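*Asks:* Return a 3D structure for these sequence lines:
(chains A and B)
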Amino acid sequence: MTKLNMKIGITITMAFGLVALLAQAQTDTPNRSVSKPAAVAYLFPEQVTLTAGKSSPVALHFRIAQGLHINSHTPRQFELIPTAFSIPDGSGVRLEAAIYPAGSDFTMPIDPKTKLSVFTGEFTIQTRMVTEAGNHLVEAKLRYQACDNTACMPPKTITVPIDVIGK
Amino acid sequence: MKRNTLVLGIVLFILAIFAWAGWANWEYRRQAAERLAASAPHGVFILGSTGSAPQFLSPLTGKPAPNFTLEDLNGKKLTLADYKGKAVLINFWATWCAPCKIETPWLIELRNQYSEQGFEVLGISTEGDDLQKDDKASWAKDKTAIAKFVQEMKIPYPVLIDGDSLSKSYGGLDEMPISFFVNRMGTVVAVQMGLTSKADIEANIRKALD
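*Replies:* A predicted model of the protein is given here:
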């Protein structure tokens, strides 16, 4: 083996080593779970293609963290925060309708006579949207308020990013 | 030959810079995570003695309760320092918090039972950290809901508003209800997070009165 081939071989080996070190540094996450994960996560769709100017159905899927529940869209007590989906004005997409699933009955072990109307696990909001022509990256919002069996978290609004293509 | 060596050297140098950038990025994120963890007071649940429920151990336990001045529903200012010499239960709650409403009648009964021994409850309404400061309509709606609840429950102790302003000094207020039991010297002797039982609350009140 010539000296040049040896040098090339050593260089390639070192290059792979450096790339491996670089990749490991980028993928290693020393700060996992420093902040609490959100109680509700948006699942899909990330992108939809709709006919511009026409009211079209879009089903939005969410998941609630295990052990938690959020109020349904129609909680039984007026001061409880309902789950509500919205699309901001000026996004190029208009929310024509949002149909929420029916809530399930929930009672706390310590107060079995009070029934709450809640969502748990995965739920879907059936919407109808009207989009203008073109590509619109919509930052829709979902407001909710989550509790477990003994404590409640403050109301929270999460961003629901949807890429809406109007053709 | 010399040119090849030069080219190899330059390639290695560039790759070394990439590797250094990756390491520097990882180190930066690690230090940022450490700073974040250090700045956020963490509470943990510890196992209680045999047969008793797990206790919530707050970083404020054993320390002086942070002083504050808040307004009640009539706009009258009230300061925690005014209660020095009394045992105080600082109860953070919200109108949208169903467990908070369950424990309120217990707090009223215990407050009436122990008030002659120098015990008071301060109810602090904490309506939510996603309300914008200039959203006057929502804040007004919250104040109406708070007043309605106070009237319905016939709450005899002071109820203060804008508990969110105390979030940082009292450890984040990430969940409610959360109660801080403060003794006559102004030291936090116990912290209770979430709904437990009237007996647990009473045990902590006795600790604060000792």
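*Asks:* burial measure for B:Lys154, as a count.
*Replies:* 8 (other Cβ atoms under 10 Å in any protein chain shown). Heads up, the C-betas are built off the backbone N, CA and C, glycines and all.
*Asks:* For it, give me its contacts.
*Replies:* Contact analysis of B:Lys154 by Cβ atoms under 8 Å, 6 or more residues apart in numbering or on different chains lists B:Ile108.
*Asks:* before we move on, what about A:Phe78?
*Replies:* Neighbours of A:Phe78 in contact, by Cβ under 8 Å, 6+ apart: none.
*Asks:* State the helix or strand in which it lies.
*Replies:* A:Phe78 belongs to no helix or strand when assigned by DSSP states H and E.
*Asks:* The one 10 residues further on now?
*Replies:* Take DSSP H and E as the rule and A:Pro88 turns out to sit in neither a helix nor a strand.
*Asks:* And A:Arg63, by the same measure?
*Replies:* Using DSSP H and E, A:Arg63 sits in strand A:56-64.
*Asks:* For the residue most central in space within chain A, which non-adjacent residue is closest in space?
*Replies:* Central residue of chain A (Cα atoms, centre = their mean): A:Tyr42, 2.1 Å from the mean position. Leaving aside its chain neighbours, A:Tyr42 sits nearest to A:Val160 (4.8 Å; criterion: Cβ to Cβ, 6 or more residues apart in numbering or on different chains).
*Asks:* hang on, that neighbour packs against A:Glu139?
*Replies:* Yes: counting by Cβ atoms under 8 Å, A:Val160 does reach A:Glu139; the two are 7.5 Å apart.
*Asks:* how about the residue nearest to A:Tyr42, phi and psi?
*Replies:* A:Val160 has phi and psi values of phi -110, psi 100 when expressed as degrees, to the nearest 10.
*Asks:* re the thing from before, comparing A:Val160 and A:Glu139, which shows the higher neighbour count?
*Replies:* Legend: neighbour count by other Cβ under 10 Å for A:Val160 and A:Glu139, higher for A:Val160 (18 against 11).
*Asks:* State the distance from A:Arg128 to chain B.
*Replies:* Per Cβ to the nearest Cβ, to the nearest Å, A:Arg128 is found 27 Å from chain B.
*Asks:* buried set for the host helix or strand of that residue?
*Replies:* Using DSSP H and E, A:Arg128 sits within strand A:122-131. Counting neighbours by 16 or more other Cβ atoms under 10 Å in any protein chain shown, one finds that the buried residues in strand A:122-131 are A:Phe123, A:Ile125, A:Thr127, A:Met129, A:Val130, A:Thr131.
*Asks:* For chain A, just list every one of the strands.
*Replies:* Remark: strands assigned in chain A by DSSP state E are A:40-44, A:47-50, A:56-64, A:69-71, A:84-86, A:93-99, A:104-108, A:111-119, A:122-131, A:134-144, A:146-147, A:156-166.
*Asks:* Mind putting the ones you listed into TSV with mean pLDDT?
*Replies:* Converted to TSV, these look like this (pLDDT from 0 to 100):
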stretch	mean pLDDT
strand A:40-44	97
strand A:47-50	97
strand A:56-64	98
strand A:69-71	96
strand A:84-86	97
strand A:93-99	97
strand A:104-108	91
strand A:111-119	90
strand A:122-131	98
strand A:134-144	97
strand A:146-147	96
strand A:156-166	96
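*Asks:* Give me the neighbour count for the closest residue to B:Leu73 other than its chain neighbours.
*Replies:* Using Cβ to Cβ, 6+ apart and skipping residues adjacent in sequence, the residue nearest B:Leu73 is B:Ala147, 5.4 Å away. Summarising burial for B:Ala147: neighbours were counted as other Cβ under 10 Å, giving 16.
*Asks:* phi, psi of B:Ala147?
*Replies:* phi -60, psi -40.
*Asks:* Secondary structure of B:Asp200: a helix, I assume?
*Replies:* Yes: counting by DSSP: H, G, I helix; E, B strand; the rest coil, B:Asp200 is part of a helix.
*Asks:* Leaving out the residues flanking it, which one is nearest to B:Tyr170?
*Replies:* B:Tyr170 sits nearest to B:Pro66 (Cβ to Cβ, 6+ apart), 6.4 Å away.
*Asks:* How much space separates A:Ile81 from B:Thr126?
*Replies:* 13 Å (Cβ to Cβ, to the nearest Å).
*Asks:* same thing with A:Thr159?
*Replies:* A:Thr159 is 24 Å from B:Thr126, by Cβ to Cβ.
*Asks:* The two: who's more crowded?
*Replies:* Neighbours around A:Thr159 and B:Thr126, counted as other Cβ under 10 Å, are more numerous at B:Thr126. The numbers are 25 against 11.
*Asks:* Count the residues that sit near the residue nearest to that one when sequence neighbours are not counted.
*Replies:* Closest residue to B:Thr126 apart from its sequence neighbours, by Cβ to Cβ, 6+ apart: B:Gly163 at 3.4 Å. When neighbours are counted by other Cβ under 10 Å, B:Gly163 registers 23.
*Asks:* in terms of contact, does B:Gly163 touch B:Gly123 like I think?
*Replies:* No: between B:Gly163 and B:Gly123 there is no contact, the gap being 9.1 Å when judged by Cβ under 8 Å.
*Asks:* Leaving out chain neighbours, which residue sits closest to A:Leu95?
*Replies:* Closest to A:Leu95 by Cβ to Cβ, 6+ apart is A:Ile87, at 4.3 Å.
*Asks:* quick one, what contacts B:Gly62?
*Replies:* Counted by Cβ under 8 Å, 6+ apart, B:Gly62 has contacts B:Thr187, B:Val188, B:Val189.
*Asks:* ranking the residues you listed by neighbours, who comes first?
*Replies:* B:Val188 (22 neighbours).
*Asks:* Fine by me, we can end here.
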